[in-house]
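In: Build me a model from this:
(one chain, ligands or ions: 1)
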Amino acid sequence: MNKNVSGDKKQYTAKQIQVLEGLEAVRKRPSMYIGSTSSRGLHHLVDEVVDNSIDEAMAGYCDKIEVIIHTDNSVTVIDNGRGIPVDIHSITNLPAVTTVFTKLHAGGKFGSGSYQVSGGLHGVGVSVVNALSEWLEVTISRNKKTYWQRFERGKPVSELKVIGRSTKSGTKITYYSDPQIFEDTTINFDIVAHRLKELAFLNAGVKIELTDEREADKSAVFKYDGGIVEFVKYLNKNRDVLFSKPFYISGKKDDIEVEIAIQYNTGYLENILSFANNINTEEGGTHLSGFKAALTKAINDYLKNDSIPDAKKFSIKGLEQGLSGNDVREGLAAVISVKLLNPQFEGQTKTKLGNSEVRGIVTSVVNEELSNFFIENPDTIQKILNKSISAYKAREAARRARELVRQKNGFGLGSLPGKLADCSERDPFHRELFIVEGDSAGGSAKQGRDRKFQAILPLRGKILNVEKARLHKILTNNEIRAIITASGLQVGDDNELDLSQLRYHKIIIMTDADVDGEHIKTLLLTLFYRYMRPLIEKGKIFIARPPLFKLSYGQKNEYFFSEEDMQKKIKELKGSYNVQRYKGLGEMNPIQLWDTTMNPETRVLKRVEMEDALEADEMFTILMGGKVEPRKEFIYQHSAEVLELDV
Ligand code: 0RA
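Out: I've put the predicted structure just below:
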């Protein structure tokens, strides 16, 4: 029954050849289409294929998506949507599906009226995936038939064939990323799972399954009937909340759909995730600013008109001018999701929503619904008000404290900490700051360093518990003040961090390779992540890697970072040798510390990525946060690693 849908033995026309040349451009310059050919670009391909099925779900035709990672790292995505159309496309004279896979940007030309994604790395079309795949096969169930076609490096190697009958509809795409293009074609389960989970939260009711055939019994199922309400609960899962049921707002105006879920926790941080057409708008944009403006206004309106009697209201100095955005967002977890027809993505990473019309629509939807919610839930708004007002007071106190310090000594926070051993180099781009655990290691580092460009700041004892304290308390903690003042940055006011004041463009954390060292590292990364995030985003934070062993033989000393590597060397040795295991930095003399850990020629530094900091932050929340259950759970699961950790 193998019948060619597009007719028998067709010659390629000039138009079709042009189409194929389009994909050659993708293969020549893949980064232009998917950002990079590293792991990130590799996983963009998965996203792109899944996004097409999600589009079908958003249009209301699909409620189940299966993703399978095969043993050879090929990936299958199956959906139960309408199936990609197979009729002959009038311009290319090819079946629609063949066109979708071989023509750049053909993806969005069909199915008008659905939410199409434009710009950025998303929505580049499955043709880009096809172009960058060693092979790709598509199977479509539609019109009571099953169709199949195969491509290699973007080119059809079969025509679209009818391979059977079907009573269902849907699309199945299997592809293998081209090793000629990608540095490594290994798919990471966690990266895929994270994105699928996010998509399941954002598209209530859609069931998304993930199976990893490389490992037995490795799979996950994501389905959230509560959508972003469940998303917000998930964000607050390790925290105590002010009210148990998140507040959900939705509205639609001028074809723009707005959905928001909010729930406060008793902590001091804000955690707002924003999405446009399922894309995480990490840089924010008009939907986010519209929401923030509306929230601040709604709470201030309530404070002025409905809340406390006048006498009490204005007994707090300065409050008659209203609460600031930062005050009303303390402890807020929220998810904002908008869906619109022609999203404009701007910003450095193309993750900032630019459509100006969205701001007003979000503001009006939120204003109206929040005011009603407040009237109907006086207890809840009272809790939010109390929290916002105490945030206001704390911020005021911090501001007064800062001013006082500034007036007193004329240097303010600018005077450098006494125990900082600074360097002489003037250009901040060539200066390094070592934050060193303990005074004794600090002493060795001071002696061992190159004092031209390396500064040393020893830290004494455990740093304050950042999770449990408000900003002003954190800023008055000696160890943290020392780090902040040494860095030259203004932390803790409402302005964006001004990196032009940064005094060192490498900040290196140097701790012992033991549990306490890990603990301090987690604390520092959390501090940077929460209060000096641009330092991590711009790659200014590093971890030093001191060796664990010293192997001495003959006249030589050699250092090792793992037992395994050292054992290998020992096997090669003929004569006698001696092993020293370093338990801490303090056991190294200044020269050894320089040779192994500080000398730019020989040292190993690990640059801290956002993922590392995020992980540290999560670990920190669990270990230090107020909630007991998640901590028990975590310690139980990681008992081997945290056995000695005194929290
Ligand atoms: C355009 C039109 C129609 C379906 C699709 C695209 C579609 C594309 C993908 C990609 C993966 N899964 C998909 N499912 C559907 C339907 C047109 C119609 O039936 O009227």
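In: tell me the contacts of Ala445?
Out: 434, 436, 456, 458, 510, 585, 590, 593, 598 (CB atoms under 8 Å, 6 or more residues apart in numbering). Just so you know, the C-beta spots here come from the backbone N, C-alpha and C atoms, and that holds for glycine as well.
In: shaky segments in the chain?
Out: 1-21, 105-124, 306-315, 401-414, 461-475, 492-495, 623-647 (pLDDT under 70).
In: that older thread, closest to the ligand among the contacts of Ala445?
Out: Met510 (50.2 Å; CB to the nearest ligand atom).
In: Find the nearest non-adjacent residue to the closest one, please.
Out: Ala544 (4.0 Å; CB to CB, 6 or more residues apart in numbering).
In: just Gly322 next, same as before
Out: Asn300 (4.4 Å).
In: Can you tell me how far that neighbour is from the ligand?
Out: 46 Å (CB to the nearest ligand atom, to the nearest Å).
In: And for that residue, the neighbour number?
Out: 18 (other CB atoms under 10 Å).
In: ok, the one residue in the stretch 351-500 of the chain that gets nearest to the ligand to Gly284 distance?
Out: Residue nearest to the ligand within the stretch 351-500 of the chain (CB to the nearest ligand atom): Thr351, separated by 23.3 Å. Taking CB to CB, to the nearest Å as the measure, Thr351 falls 8 Å from Gly284.
In: and these two? which has more neighbours close in?
Out: Neighbours per residue, other CB under 10 Å: of Thr351 and Gly284, the larger number sits with Thr351, 21 against 17.
In: Pretty sure the more buried one sits against Thr281.
Out: Yes - here Thr351 reaches Thr281: they are 5.1 Å apart, a contact under CB atoms under 8 Å.
In: so what sits against both of those two?
Out: Joint contacts of Thr351 and Thr281 (CB under 8 Å, 6+ apart) are Phe345.
In: what are the bridge partners for the residue of the stretch 151-300 of the chain found nearest the ligand, then?
Out: Closest approach between the stretch 151-300 of the chain and the ligand, counting by CB to the nearest ligand atom: Thr171, at 3.6 Å. Beta-bridge partners recorded for Thr171 (DSSP bridges): Asp79, Ile140.
In: Ramachandran angles for the residue of the stretch 351-500 of the chain closest to the ligand?
Out: phi -130, psi 30 (degrees, to the nearest 10).
In: which residues does Phe151 bridge with?
Out: Leu136, Pro156.
In: Who are the contact partners of it?
Out: Contacts of Phe151 (CB under 8 Å, 6+ apart): 101-102, 130, 133, 135-137, 157.
In: Closest one to the ligand out of those residues, please.
Out: Phe101 (9.9 Å).
In: Go ahead and confirm that closest one touches Ser127.
Out: Yes - the pair Phe101 / Ser127 is scored as a contact, 5.6 Å apart, by CB under 8 Å.
In: Tell me where the stretch 351-500 of the chain has helices.
Out: Assigned by DSSP state H, counting those that start in this stretch, the stretch 351-500 of the chain shows helices spanning 356-376, 378-409, 439-448, 471-476, 478-487.
In: about what we covered before: beta-bridge partners for the residue nearest to Met510, please?
Out: Leu605.
In: now do Glu257
Out: Here Glu257, judged by DSSP bridges, has bridge partners Lys252, Lys339.
In: Please tell me how far it sits from Asn203.
Out: 12 Å.
In: Please apply the same query to Arg460.
Out: Arg460 is 51 Å from Asn203, by CB to CB.
In: ok, now Ser289?
Out: Taking CB to CB, one finds Ser289 at 24 Å from Asn203.
In: okay, the two: which has more neighbours?
Out: Asn203 (24 against 17).
In: Do I have it right that that one meets Glu56?
Out: No - contact criterion CB under 8 Å: Asn203 and Glu56 do not qualify, at 10.7 Å.
In: residues touching the closest residue to Arg603 other than its chain neighbours, list them.
Out: Closest residue in space to Arg603, ignoring its immediate chain neighbours: Thr597 at 5.4 Å, by CB to CB, 6+ apart. With contacts defined as CB under 8 Å, 6+ apart, the neighbours of Thr597 are 510, 544-547, 585, 588, 603.
In: Going by neighbour count, which of those residues comes out on top?
Out: If you rank the contacts of Thr597 by neighbour count (other CB under 10 Å), Met510 sits at the top with 29 neighbours.
In: just the CA coordinates of the helix or strand where Leu42 lies, formatted as CSV?
Out: Using DSSP states H and E, Leu42 sits in helix 39-58. What follows is helix 39-58, C-alpha atoms only, in CSV (Å, rounded to 0.1, in the frame of the first residue of the first chain):
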residue,chain,number,x,y,z
SER,A,39,24.2,21.6,25.7
ARG,A,40,22.0,24.7,25.7
GLY,A,41,21.5,24.6,21.9
LEU,A,42,21.0,20.8,22.0
HIS,A,43,18.2,21.1,24.4
HIS,A,44,16.6,23.9,22.4
LEU,A,45,15.9,21.3,19.8
VAL,A,46,13.8,19.3,22.3
ASP,A,47,12.0,22.5,23.4
GLU,A,48,11.2,23.4,19.8
VAL,A,49,9.6,20.0,19.0
VAL,A,50,7.7,20.0,22.3
ASP,A,51,6.6,23.6,21.8
ASN,A,52,4.8,22.6,18.6
SER,A,53,2.8,20.0,20.5
ILE,A,54,2.1,22.6,23.2
ASP,A,55,0.8,25.0,20.5
GLU,A,56,-1.6,22.3,19.5
ALA,A,57,-2.6,21.9,23.2
MET,A,58,-3.1,25.7,23.6
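In: Could you pull out the helices in the stretch 1-150 of the chain for me?
Out: Using DSSP H, counting those that start in this stretch, helices in the stretch 1-150 of the chain cover 14-28, 31-34, 39-58, 96-102, 126-131.
In: most packed of those helices?
Out: Of all these, helix 126-131 has the most neighbours on average by mean count of other CB atoms under 10 Å, namely a mean of 27.
In: same for that helix, what does it pack against?
Out: helix 14-28, helix 39-58, helix 96-102, strand 170-177 (3 or more CB pairs under 8 Å, 6 or more residues apart in numbering; DSSP states H and E).
In: do you know how far the residue nearest to Arg431 when sequence neighbours are not counted is from Leu303?
Out: Once flanking residues are discounted, Arg431 sits nearest to Tyr504: 4.5 Å by CB to CB, 6+ apart. Distance, Tyr504 to Leu303, by CB to CB: 43 Å.
In: Glu346 too?
Out: 34 Å.
In: The two: which has the busier surroundings?
Out: Leu303 (20 against 17).
In: which SS state does that one fall under?
Out: helix (DSSP: H, G, I helix; E, B strand; the rest coil).
In: Test my guess that it contacts Gln321.
Out: No - counting by CB under 8 Å, Leu303 sits too far from Gln321 to count as a contact (11.1 Å).
In: quick one: is the helix holding Leu42 near the ligand?
Out: Yes - against the ligand, helix 39-58 shows contacts by CB under 6 Å from any ligand atom at 52-53, 56.
In: What's the local residue count around Lys245?
Out: Lys245, neighbours per other CB under 10 Å, totals 11.
In: do Thr621 as well
Out: 21.
In: So the residue nearest to it when sequence neighbours are not counted: helix, strand or coil?
Out: Ranked by CB to CB, 6+ apart and with sequence neighbours excluded, the top spatial neighbour of Thr621 is Asn238, at 5.4 Å. The assignment at Asn238 comes out as coil when based on three-state DSSP.
In: need the strands for the stretch 151-300 of the chain, in chain order.
Out: Counting by DSSP state E, counting those that start in this stretch, the stretch 151-300 of the chain has strands at residues 155-156, 161-165, 170-177, 207-212, 218-222, 247-253, 256-264, 271-276, 279-280.
In: Now stretch 74-90 - C-alpha only, CSV.
Out: The C-alpha coordinates for stretch 74-90 follow below in CSV (Å, rounded to 0.1, in the frame of the first residue of the first chain):
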residue,chain,number,x,y,z
SER,A,74,17.6,10.2,19.9
VAL,A,75,14.3,11.8,21.1
THR,A,76,10.7,11.1,20.4
VAL,A,77,7.8,13.5,21.0
ILE,A,78,4.3,12.2,20.6
ASP,A,79,1.1,14.2,20.8
ASN,A,80,-2.6,13.4,20.4
GLY,A,81,-3.3,16.6,18.4
ARG,A,82,-4.8,16.9,15.0
GLY,A,83,-1.7,15.8,13.2
ILE,A,84,0.4,18.0,11.0
PRO,A,85,-1.5,18.6,7.7
VAL,A,86,-0.5,16.5,4.8
ASP,A,87,-2.3,18.2,1.9
ILE,A,88,-0.3,19.6,-1.0
HIS,A,89,1.0,23.0,-0.3
SER,A,90,0.2,25.4,-3.2
